[in-house]
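Trainee: Need coordinates for the following:
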Amino acid sequence: MTYDHELKLISPGRVEKDEIGNQIPIDPIETPILCGLKSVGRSEFYNAATAGLRPELVFVIHAYEYNGERLLEFEGKRYNVIRTYETNFEELELTCERVASNG
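Mentor: Residues are numbered from 1 along each chain as shown. You can find the predicted model right below:
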């Protein structure tokens, strides 16, 4: 697997409360890493669709670079991580679905 693409893993960072007690994320931490890109398998796509998920892409990254982030950005679009799969000691697959709105 070649790592010819770049993505940003997004951690929430710190949280502040507004005047009525809502938690607002401040300064999310974005960590750029290199990744490989795979398509979602046919059976995985349809099985996920029955659970209300819409997997679009699978990113292959080095396992040591991942710290449980549930959000990432790739080519200006945000994705939620819906599944992780450790393929071997060094690699991890992140199955992701597109976030409906970036706002």
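
Trainee: Thr2 contacts Leu34, doesn't it?
Mentor: No. Taking contacts as CB atoms under 8 Å, Thr2 lies outside contact range of Leu34: 9.2 Å. Placement of C-beta: from N, CA and C, glycine included.

Trainee: Show me which of these two is the more surrounded one.
Mentor: A direct count of neighbours by other CB atoms under 10 Å for Thr2 and Leu34 places Leu34 higher, at 14 against 9.

Trainee: On the strand side of things, show who that one bridges to.
Mentor: Per DSSP bridges, the residues bridged to Leu34 are Glu6.

Trainee: Now for it: which residues touch it?
Mentor: Counting by CB atoms under 8 Å, 6 or more residues apart in numbering, Leu34 makes contact with 3-6, 61.

Trainee: Now for those residues: which two are most distant?
Mentor: For the contacts of Leu34, the maximum inter-member distance is 12.6 Å, found between Asp4 and Ile61 (CB to CB).

Trainee: and the nearest residue to Tyr79 once chain neighbours are set aside, what element?
Mentor: What sits nearest to Tyr79 in space, not counting adjacent residues and going by CB to CB, 6 or more residues apart in numbering, is Cys96, at 3.8 Å. Using DSSP states H and E, Cys96 sits within strand 91-98.

Trainee: Tell me the strands beside that strand, with direction?
Mentor: Strand 91-98 pairs in its sheet with strand 57-62 (antiparallel), strand 77-86 (antiparallel), by DSSP bridges.
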